[in-house]
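Chemist: Sequence plus the predicted model coming up.
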Amino acid sequence: MNSTQQLGLKVIKPGIFSLLQDSGRFGLHSIGLTTGGPLDSQSFRWANRLCHNSEHCAAIEITIGGLVLEAQIDCIIALTGADIPMTINQQPASLWQSHIIKAGDRIELGFAKSGMRGYLAVAGGYNAEPSFDSISTVPREGLGGLHQDGKPLQAGDQLGCKDVPPYCITTLRLPPAQRPELPRKTAKLRVVLGYQQEAFSNLQKQLFFSTEYRITESSDRMGYRLQGAAIKPAIDGILSEGICLGAIQVPADGQPILLLRDRQTIGGYPKLGALLSLDIGTLAQLMPGDTVSFEAISIEQAHNLLHLAERNFRNIVLEQSIDVRVDNQPQLLQLSQQIEDLLVSRNPRGMQTLQAALSPGYFLRAAELILQSRGTILIGTGFPVDDTFETDGPLGAFALYAALEKLGAKPVLVCGAPLADSISGDYRVHKLVVASPATREREAQQALDLHKPSLVISIERPGLTADNIYCNMRGEDISDRCASFDHFLNLASCPTIGIGDGGNEIGMGNLIDSLAELNIEPSITCCDELLVADVSNWAAHGLIALIGAMRGEDMLREWDNLEVLRYLSQRGSVDGVSRQNTLTEDSLESEISEQLILALRKISGFC
């Protein structure tokens, strides 16, 4: 079905200038195609995160406001960015939080009181045919958008999107203290000087950095033209070359141009440097007539600022609320809490202590993250024991892998040797290698860039301690044989889930204070949603049982625990407690896990 024919949100009024934008169109400058994408990427990312989306999902970039939509299906929306009043059925609706929309609801946006651009996301993203692997709208190129013609939204357009499933929905809210602050008519922007700074004398650079420039009416998504003190380079022009996002181009009249998402791909004017990418969103919220000034920073400072901002984005915890949409569905929050209690009922390693520190419903929140994810999902697993791996972790990872494939996702197992080599013929695998601390972050980023996951899960993977080493439950340093998975979660631009049963696993950094009560070397690595269980594999089964209840499907019915243990044993696995090649998980016979799975199926309503 063509995207314009799919049910979703119908455009009643398109507003002043409303564009479909995803994260952008990359790697095509060589054929003259610009990047496109959101001008305020921070607000864009928050809108998607509030809807449980990956940051690559399309949203509507709304300039000034005026957009009116009518829902044809049930869905979830969130509006971020500029202070644009929003009503749902003429009732005020808050920005920076997600809202459940029912078929027939009318969503109306007023006009910005502060700021210039808002971002309206919908759970699952808007559906449109991509042009060159992106649906980002670039009007000057006639490329992208709902009809692949580069035009803004028009009255009568139908934005296809995903119907809300008939089960409990989590709506999210970004706490007010964590919301980006909109600029008030002026902003100071940070600049990294480029190699062409040598074409500008010290006097000209001082003039630039001491001047307050006015944003002119001739400003758009291609670039912001400024008016103020003219600066003159010592050269008239250069050979045309590629232009980066945020480049500060100085034409013949000396009035700087700040180049943005829809910039030309090459240019021949001298460039003083480039804006720090974090500040481009601030610039995009300023109107013509507002003013900007500049300060220089080093490239090292820029790197630090970017890393800190990314870490802050990942570590902010969204406030959550539950809304049960269909009366005849099980009370999923109650079911989640039943599962949470069941999985720590034995309590051999003090997981009840950690459970008490978690906000109830963590299994439900993790299940919803999975159901909202599309495409590739990375599952890190494999805890080193001597020169091999233990059964706890991989077994649960295999169960998640099978469930995710049934949901239509593309799971990839991320693990080190010898586990990766022994299972690569049966599963999609990304192999980790033991790397020096200096290269771990770079290798993780390369893997994330390769796979572009919508979700990252860690199940029973060792997490770094405060001393930057890896330890097992005995407190032994296993760093020399432990490949790192921590940075996959630290650097991911998508949601992350951690699963553990002892306190030394990835994700346990969420509960660092509570871990002080346990006699372990705790992990400090955090995640978005942490699940605890007496055996990590059991958390995977509990998660699958809950997802099955939400879908009305017994997803554990065909699971053969003993057969999977045999599969692992044949590939050299050992029990994590006894360190022997036995068909057990943390010293427990397979029968114990089978009884637990049966209990999960019963409380989920399938037995």
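Modeler: That came through fine.

Chemist: and the closest residue to residue 288 other than its chain neighbours, how many neighbours does it have?
Modeler: Residue nearest to residue 288 in three dimensions, not counting chain neighbours: residue 217, with 4.8 Å by C-beta to C-beta, 6 or more residues apart in numbering. Where C-beta positions appear, they are placed from N, C-alpha and C, glycine not excepted. Neighbourhood size, residue 217 [other C-beta atoms under 10 Å]: 10.

Chemist: my guess is residue 217 meets residue 287, correct?
Modeler: No. Using C-beta atoms under 8 Å, residue 217 is not in contact with residue 287; the gap is 9.9 Å.

Chemist: which residues are contacting stretch 334-348?
Modeler: Identification of contacts with stretch 334-348 by C-beta atoms under 8 Å, 6 or more residues apart in numbering yields 351-352, 355, 358, 360-364, 367, 532-534, 538-539, 542, 545-546, 549, 586, 596, 599-600, 603-604.

Chemist: Show me which of those residues are buried.
Modeler: 351, 355, 358, 361-364, 367, 532-534, 538-539, 542, 545-546, 549, 586, 596, 599-600, 603-604 (16 or more other C-beta atoms under 10 Å).

Chemist: ok, and for stretch 284-304, which residues are buried?
Modeler: 284, 285, 286, 287, 290, 291, 292, 294, 302.

Chemist: In helices, which of the residues you listed fall?
Modeler: If you go by DSSP state H, these have 284, 302 in helices.

Chemist: Which single one of the buried residues of stretch 284-304 is nearest to residue 248?
Modeler: residue 294 (8.1 Å; C-beta to C-beta).

Chemist: dump the residue contacts of that closest one.
Modeler: Residue 294 neighbours (C-beta under 8 Å, 6+ apart): 188, 189, 190, 191, 208, 209.

Chemist: so how many other residues sit close to the second one?
Modeler: A count of nearby residues for residue 189, using other C-beta under 10 Å, gives 21.

Chemist: again with the first one
Modeler: Other residues within reach of residue 188 by the criterion other C-beta under 10 Å amount to 13.

Chemist: Adjacent strands (with direction) for the host helix or strand of it?
Modeler: Per DSSP states H and E: residue 188 is located in strand 186-193. Strand pairing for strand 186-193, using DSSP bridges, gives strand 271-275 (antiparallel), strand 291-297 (parallel).

Chemist: could you dump the buried residues of stretch 284-304 to CSV with pLDDT and distance to residue 85?
Modeler: Below are the buried residues of stretch 284-304 laid out as CSV (pLDDT from 0 to 100; distance: C-beta to C-beta, whole Å):
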residue, pLDDT, distance to residue 85
284, 96, 20
285, 97, 16
286, 97, 20
287, 96, 17
290, 97, 21
291, 97, 26
292, 97, 26
294, 97, 32
302, 96, 35
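
Chemist: Need the buried residues of stretch 284-304 in TSV (columns: distance to residue 517).
Modeler: Putting these into TSV (distance: C-beta to C-beta, whole Å) gives the following:
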residue	distance to residue 517
284	47
285	45
286	50
287	54
290	53
291	54
292	51
294	51
302	41
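
Chemist: what's the farthest-apart pair in the buried residues of stretch 284-304?
Modeler: Greatest spatial distance among these (C-beta to C-beta): 287 and 302, at 26.4 Å.

Chemist: Can you show me the strands along the stretch 101-250 of the chain?
Modeler: With DSSP state E, counting those that start in this stretch as the criterion, the stretch 101-250 of the chain has strands at 106-109, 114-122, 158-160, 169-173, 186-193, 213-215, 223-227, 241-242, 247-249.

Chemist: Any idea how many residues pack against residue 53?
Modeler: For residue 53, the count of nearby residues is 26 (other C-beta under 10 Å).

Chemist: likewise residue 344?
Modeler: 22.

Chemist: How much space separates it from residue 532?
Modeler: As judged by C-beta to C-beta, to the nearest Å, residue 344 and residue 532 stand 6 Å apart.

Chemist: Need the overlap of contacts for these two.
Modeler: What both residue 344 and residue 532 touch, as defined by C-beta under 8 Å, 6+ apart, is the set 351, 355.

Chemist: Looking at the contacts of stretch 334-348, which are in strands?
Modeler: Judged by DSSP state E, those include residue 532 as members of strands.

Chemist: what domains does the record give for the chain?
Modeler: 3-164, 186-297, 330-603 (automatic domain parsing).

Chemist: Residue 306 is nearest to which of those?
Modeler: Smallest distance to residue 306 across these (C-beta to C-beta): 6.6 Å, for domain 186-297.

Chemist: No more questions from me, cheers.
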